[in-house]
Every structure is written in C-alpha cells, then in structure tokens.
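J.: I would like the atomic coordinates for the input below:
(2 chains)
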Amino acid sequence: GAGVSQSPRYKVAKRGQDVALRCDPISGHVSLFWYQQALGQGPEFLTYFQNEAQLDKSGLPSDRFFAERPEGSVSTLKIQRTQQEDSAVYLCASSLAPGLAGGRDTQYFGPGTRLTVL
Amino acid sequence: QKEVEQNSGPLSVPEGAIASLNCTYSDRGSQSFFWYRQYSGKSPELIMSIYSNGDKEDGRFTAQLNKASQYVSLLIRDSQPSDSATYLCAVNGAAGNKLTFGGGTRVLVKP
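T.: Have a look, this model is predicted:
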C-alpha cells in the first residue's frame, strides 16, 4: 500500500514568509508525528497527534510553529515568519496505533520536505 | 549530555567484515529501542527494533540491548557497500509517544 507522503518535497522561502508543509499518513494510522532534521543531525521531535488531538507539542521550537490535523488524517505544519534557522528537513511519520504501552509501534517516515530559508 | 548518544563516525569497514555500532541513552524509563538506516537525502527506514535485554537477530543484523548499562548496539555482519549509510539509534520513552534520536553513525563499507 501507499506509504507516508509529504508535499512539497522542496521549499525555498524568503526570510519572513509563511510556509505550510503537508503530510498524508498511511491510511488508518492513528498516530502522526512531525520531526525536524538539521543537516548532519538526527531527527528531533516536534509534535504528536492521536487522531485529530494534538497530545504533545513540546518540541515545537517557538510560537511561529503550528500544526494541525483537523480530520484525523492529513496534517499540516505551518511556520510563520520563517527564519534562517528554520532551514531543515521536516519529516512526518505515522504509526498504526495510539501510544501502546512501551511505545512498540513502528513509525513509518515520509520522504520529508527540505525547507531552505534565504 | 544528550539523551541518546552515538559516535558520529565515519565507521569505515571493509566489505565482508562486521560493523559494530553503539548507542547509549539517559532515560532509564525507556522501553523501546530502534535502529533506523538513512541513506543520504532519504528518509529513515526501520531495520531493527528491540524491547528486551539480550540479542535479537534478523538476517545480517543483530541488535543487543542492556538496560542496566543503558546501552544498545547494532552489528552488521558480512557488510556490503549497500550498507553504507547513516544509522540512527532511536529510543521511545515510557510515555510511548515520541522517538528520541541520536545524531547517527555514518558507516562506509569499502569494496
């Protein structure tokens, strides 16, 4: 079946512009995660949804970052007034079940959106 | 101290040899441990998961977990040039709702 898809794959923004990144998870997956991966680093957690509920947004770096998943499927990560330090790959992942005990559920990653802020 | 630590490498191994990757973590409540492989410019791909102390083997890959020492490792036997990638160690804590990644170890397998 289809995997996690993300769009756009590449985005170039001028500093101060707003951007919106889309994630389409695997059909039926309850949990959806956003991660930010800077060049040469491991992914860092941004936020987590269980269906339409945003249960953890502790990783969002500032109030310029906002995520939503209004119908419990597609999610959008919005970054307002982009800054150069926002340049990174934004990865979306989904997993089948809500936080199972011990977190054993496999997270499947999309191809990512590479954001470059000039 | 980072929550999940890995040697950044590069770890250079000759083709056919064993590659040994190490990872330490700080949260004693962590319950699930994962190894992801990431090729340059691609997304992470799960290759192994382990939840209990001991060894877990899957083909050429063996994951080892020691919760007392807060240590997880990955062995790649009969390394192939196609194994050249960055290997990410990821840990899921007690809350079970996010992965904490190490910085990754770059592996280079030379023919």
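
J.: going forward, measure contacts between C-alpha atoms and count neighbours the same way
T.: Will do.

J.: ok, B:Pro81 touching B:Leu108?
T.: Yes. Contact criterion Cα atoms under 8 Å: B:Pro81 and B:Leu108 qualify, at 7.4 Å.

J.: so which of the two has more stuff around it?
T.: B:Leu108 (22 against 15; other Cα atoms under 10 Å in any protein chain shown).

J.: so what pLDDT did that one get?
T.: pLDDT, B:Leu108: 97.

J.: next: B:Gly96.
T.: So B:Gly96 comes in at 66 (pLDDT).

J.: now do B:Leu88
T.: At B:Leu88, pLDDT is 97.

J.: and it, how far is that from A:Glu68?
T.: 27 Å (Cα to Cα, to the nearest Å).

J.: for these two, indicate the residue with more neighbours.
T.: For the pair B:Leu88 and A:Glu68, the greater number of neighbours falls to B:Leu88 (30 against 19), based on other Cα under 10 Å.

J.: identify the bridge partners of the more buried one.
T.: In this entry, B:Leu88 is beta-bridged to B:Tyr36, by DSSP bridges.

J.: and if you look at A:Ala88?
T.: With DSSP bridges as the rule, A:Ala88 is bridged to A:Leu115.

J.: that one touches A:Leu115, doesn't it?
T.: Yes. Using Cα under 8 Å, A:Ala88 makes contact with A:Leu115 at a distance of 5.5 Å.

J.: ok, now which ones touch the closest residue to A:Val74 other than its chain neighbours?
T.: Distances taken as Cα to Cα, 6 or more residues apart in numbering or on different chains place A:Asp24 nearest to A:Val74, at 4.7 Å, with adjacent residues excluded. A:Asp24 sits next to A:Val4, A:Ser5, A:Gln6, A:Ser73, A:Val74, A:Ser75 when contact means Cα atoms under 8 Å, 6 or more residues apart in numbering or on different chains.

J.: again, only this time at 6 Å
T.: A:Val4, A:Ser5, A:Val74 (Cα atoms under 6 Å, 6 or more residues apart in numbering or on different chains).

J.: next one: A:Thr82
T.: A:Arg15, A:Gly16, A:Gln17.

J.: same thing but at 7 Å, please
T.: A:Arg15, A:Gly16, A:Gln17, A:Asp18, A:Val117 (Cα atoms under 7 Å, 6 or more residues apart in numbering or on different chains).
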